[in-house]
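Enquirer: Sequence first, predicted coordinates after that:
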Amino acid sequence: PSNPPLSCSPSPMRGPVLAAAGRAMGGAGGPLARTIRAKLTAALQPTHLEVRDDSPLHGGPPGVETHFGVLVVSGHFAGLPLVQRHRLVHEALQAELAGPLHALQVIARSPEQWHRDPRAPPAPPCLGGSKRERRRG
């Protein structure tokens, strides 16, 4: 069974965008991407949601899901400072952040903010490195 797509067109987020607009909620991305989408949908009832898998940009083996960006537009964010918006996203993804999800870029906007400016900033550049590399001090 597929869920109805969310409204709004995708924004110009860089990377492999898994936009919910025009797609079934469970139809795009790997298992972690689908879990992120489902949990954010359940917790925040977004009017617009995009999940971007940046994992291939971070040198891991193919198919590994570790780095994501999300764009969430929700009425739950109205009147909340940015820190509290991010906390709501992190609470929804608590189990994933404790396990397979290594990095998460969050863009959290109210519907009014999204209506005024439906663009997302580009993903931050990867600074390189991995857990397996030794860092020079």
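Expert: That came through fine.

Enquirer: The chain: strands as residue ranges?
Expert: 17-19, 48-53, 67-73, 103-109 (DSSP state E).

Enquirer: Adding distance to G29, mean pLDDT and mean neighbour count, write those out as CSV.
Expert: C-beta: built from backbone N, CA, C; applies to glycine. Below are the strands of the chain laid out as CSV (distance: least, Cβ to Cβ, whole Å; pLDDT from 0 to 100; neighbours: other Cβ atoms under 10 Å):
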stretch, distance to G29, mean pLDDT, mean neighbour count
strand 17-19, 4, 37, 21
strand 48-53, 6, 94, 23
strand 67-73, 9, 95, 24
strand 103-109, 14, 95, 19
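
Enquirer: Reformat those as TSV; add distance to R87.
Expert: TSV is the format used below for these (distance: least, Cβ to Cβ, whole Å):
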stretch	distance to R87
strand 17-19	23
strand 48-53	18
strand 67-73	13
strand 103-109	10
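
Enquirer: among the ones you listed, which is nearest G59?
Expert: G59 lies closest to strand 67-73 among the strands of the chain, at 10.1 Å (Cβ to Cβ).

Enquirer: Only alpha carbons, please: show that closest one as CSV.
Expert: Provided in CSV are the C-alpha atoms of strand 67-73 (Å, rounded to 0.1, in the frame of the first residue of the first chain):
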residue,chain,number,x,y,z
HIS,A,67,25.0,10.6,5.9
PHE,A,68,21.7,12.4,5.1
GLY,A,69,20.2,15.8,4.7
VAL,A,70,16.5,16.4,5.4
LEU,A,71,14.3,19.4,4.5
VAL,A,72,11.2,19.3,6.7
VAL,A,73,8.4,21.9,6.4
